[in-house]
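1. Predicted model follows, preceded by the sequence.
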Amino acid sequence: MENKTLMTDFYELTMAATYFDMQKQNEQVYFNIFFRKNPFEGGYTLSGNLDEIIKYIQNFKFSVEEINYLKSLKTFKPEFLNYLADLKFKGDIYAVPDGTMVFPNEPVITVKADMITAQLLETYLLAEFNHGALITTAAKRITNEAKKDGKNIPVMEFGLRRSKGALSGLEASKLAYIGGCAGTSNTYAGMKYGIPVLGTMAHSLIMDYENEYEAFLSYAKSNPDNCVFLVDTYDTLRSGIPNAIKVANDFLKPNGYQFKGIRIDSGDLAYLSKEARKMLDEAGYPETTICLSNGLDEYSIRDLLNEGAVIDSLGVGDNLAAPNDRVGGVYKLAATVKNNQIVPKIKISEDNLKTTNPGFKKIYRFYDKKTGYALGDVIALNYEKINANKFTLVHPEQSWKQKTIKDYEVRELLVPIFLNGNLVYQEPTLIEKQKYCEAEYQSFYPEIRRIYNPYEYYVDLTEELCNLKSELINEYKGKSLVKTKK
């Protein structure tokens, strides 16, 4: 397993050296990962890449090669480098499982460790969470729109070539599958993760032949059991589909093979798909499927279906592997430990949204016993318990937005991943993650899941946490930030 411990911002190391000089290496601290805004102007975010974080933590160490590199920079004292050479992760990590529906300002990952170790983890953990949450959320938005008559239209992830690097593309294949995709074009992802691999042909194969018919015939002879023809190289309706039908009549059907499908990758997809269906049916191939691709996202898929497009499957690339948005997760100090007591810490900003929630926290989610739908979340201090009879959800910034709930069930979202440096979490299989992600998604009201103007989901603070936050804000604002000599 590759050691990625140095995959961190350099300032994490310079801060760690400062902590070492100040003899803070044994100080225990709590850090939270959270984000402030859902991507895609949406109503939710889905977590992802916890598995990558687990692998990183399991292999967290500074090898001789890495210590020698740091020594060559002539920045760090030998005592500090000797300390790093013996450093191992011995702390605790709590996190929400991959595929969990989460919301702004919730502590989706909590790290408890010594100050130096906790600081060094920041960059990699943020990189993996931010990428994982972005792709999983994008995939769920897209696959949820790909429905017709209550049935799912399979979405194939085609994004490797459009990803932000091959390793990013590999993660995207895995995350898109968790988010509901039926398969991937990424053969390595198929081997590594067991994801179904899918694919047809590119325009280059067709362009290499003297005519489209010969190209299709050659492909059919080489791949008789996987004949899905790309029909838009020259003219979809006057050339592509007629030549595909001719190859089916001349070779596939006489030899007992099935004419599986066509793919349309350009033009007016709604119009072309409807005309294609007519032509295939008239030729005696009503079972031949139609796959559409070409820059699709959740909005264009919805538009295609509203226009009556005939779709049996979809190929989506750019907007799965490299969506044009970000999650923006941050990693903030929430508490330190002094004399075995947790001391809450807070970052204050003139922007209320950037003022952090202090302390070691947990997340409770409330579910309506009758409908099974989630009613709201509350962020609580770790020792707080929830009243089993009645709870009032109050918007943390707009206190007039309140909702009192009864007859509910409560679930804690954060689960232990590492305790005292030991992995205690049983990693689900990829298909288990996909099923869990779908169950999570279906447990929320459609108004929260919709892609246009989603309803804001309730995320509250308990009264005790709210009071603690107010006390710390007043305490720090009452102090002089700059001491001046008289």
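-> Looks like it arrived, so ask away.
2. can you list the residues that contact the helix or strand harbouring Ala380?
-> Ala380 is part of strand 374-381, with elements assigned from DSSP states H and E. Applying Cβ atoms under 8 Å, 6 or more residues apart in numbering, the contact partners of strand 374-381 are 101, 103, 105-107, 357, 359-368, 386, 391, 393, 403, 405, 408, 413, 443-445, 457-462, 464-465, 468. To be clear about C-beta, it is placed using only N, CA and C from the backbone, and glycine gets the same treatment.
3. for stretch 117-127, same thing?
-> Residues from elsewhere that reach stretch 117-127 (Cβ under 8 Å, 6+ apart): 4-5, 7-9, 12-13, 15-16, 19, 29, 31, 33, 53, 56-57, 60, 87, 89-91, 109, 111-113, 329-331.
4. In helices, which of these appear?
-> Under the assignment DSSP state H, the contacts of stretch 117-127 contribute 12-13, 15-16, 19, 53, 56-57 to helices.
5. Pull out the buried residues from the residues you listed.
-> 12-13, 15-16, 19, 53, 56-57 (16 or more other Cβ atoms under 10 Å).
6. want to throw those into JSON lines with pLDDT and distance to Asn382?
-> Output for these, formatted as JSON lines (pLDDT from 0 to 100; distance: Cβ to Cβ, whole Å):
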{"residue": "Glu12", "pLDDT": "97", "distance to Asn382": "26"}
{"residue": "Leu13", "pLDDT": "97", "distance to Asn382": "30"}
{"residue": "Met15", "pLDDT": "97", "distance to Asn382": "26"}
{"residue": "Ala16", "pLDDT": "97", "distance to Asn382": "26"}
{"residue": "Tyr19", "pLDDT": "97", "distance to Asn382": "24"}
{"residue": "Ile53", "pLDDT": "97", "distance to Asn382": "21"}
{"residue": "Tyr56", "pLDDT": "96", "distance to Asn382": "25"}
{"residue": "Ile57", "pLDDT": "97", "distance to Asn382": "21"}
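7. Quick check: buried residues in stretch 183-191?
-> Within stretch 183-191, the residues that count as buried by 16+ other Cβ under 10 Å are 183-186, 189-190.
8. With stretch 152-160 instead?
-> 153-160.
9. From start to finish, how long is that stretch in a straight line?
-> Using Cα to Cα, to the nearest Å, one end of stretch 152-160 lies 23 Å from the other.
10. for the record, mean pLDDT for that stretch?
-> Stretch 152-160 carries an average pLDDT of 95.
11. Equivalent analysis for stretch 219-230, please.
-> 96.
12. Distance from it to the middle of the chain?
-> 34 Å (Cα atoms, centre = their mean, to the nearest Å).
13. What are the contacting residues of it?
-> Stretch 219-230 is contacted by residues 200-203, 205-206, 216, 240, 243-244, 247-248, 251-252, 255, 257-263, 265, 289, 291 when judged by Cβ under 8 Å, 6+ apart.
14. thinking again about what came up before, average pLDDT for the strand holding Ala380?
-> 95.
15. what does stretch 312-326 give?
-> 95.
16. got the buried residues for that stretch?
-> Buried residues in stretch 312-326, counted by 16+ other Cβ under 10 Å: 312-323.
17. Restricted to strands, list these.
-> The strands, defined by DSSP state E, take in 313-316 from the buried residues of stretch 312-326.
18. re earlier: what's the mean pLDDT across the helix or strand following the strand holding Ala380?
-> Downstream of strand 374-381, the first helix or strand assigned by DSSP H and E is strand 390-394. For strand 390-394, the mean per-residue pLDDT is 80.
19. what's the answer for stretch 243-262, then?
-> Mean predicted confidence for stretch 243-262 is 98.
20. What of stretch 402-418?
-> In the prediction, stretch 402-418 has an average pLDDT of 92.
21. Go through that stretch and flag the buried ones.
-> By neighbour count on 16+ other Cβ under 10 Å, the buried set for stretch 402-418 is 408, 413-414, 417-418.
22. Relative to Leu167, which of those residues is nearest.
-> Within the buried residues of stretch 402-418, proximity to Leu167 (Cβ to Cβ) peaks at Ile417, which comes in at 22.5 Å.
23. Against which helices or strands is the host helix or strand of that closest one packed?
-> Here Ile417, judged by DSSP H and E, is contained in strand 415-419. Judged by 3 or more Cβ pairs under 8 Å, 6 or more residues apart in numbering; DSSP states H and E, strand 415-419 is in contact with helix 50-58, strand 92-95.
24. Please identify the most buried of the ones you listed.
-> strand 92-95 (a mean of 24; mean count of other Cβ atoms under 10 Å).
25. Identify the residues contacting that one?
-> Under the criterion Cβ under 8 Å, 6+ apart, residues 47, 50, 53, 57, 108-113, 362, 414-420 lie in contact with strand 92-95.
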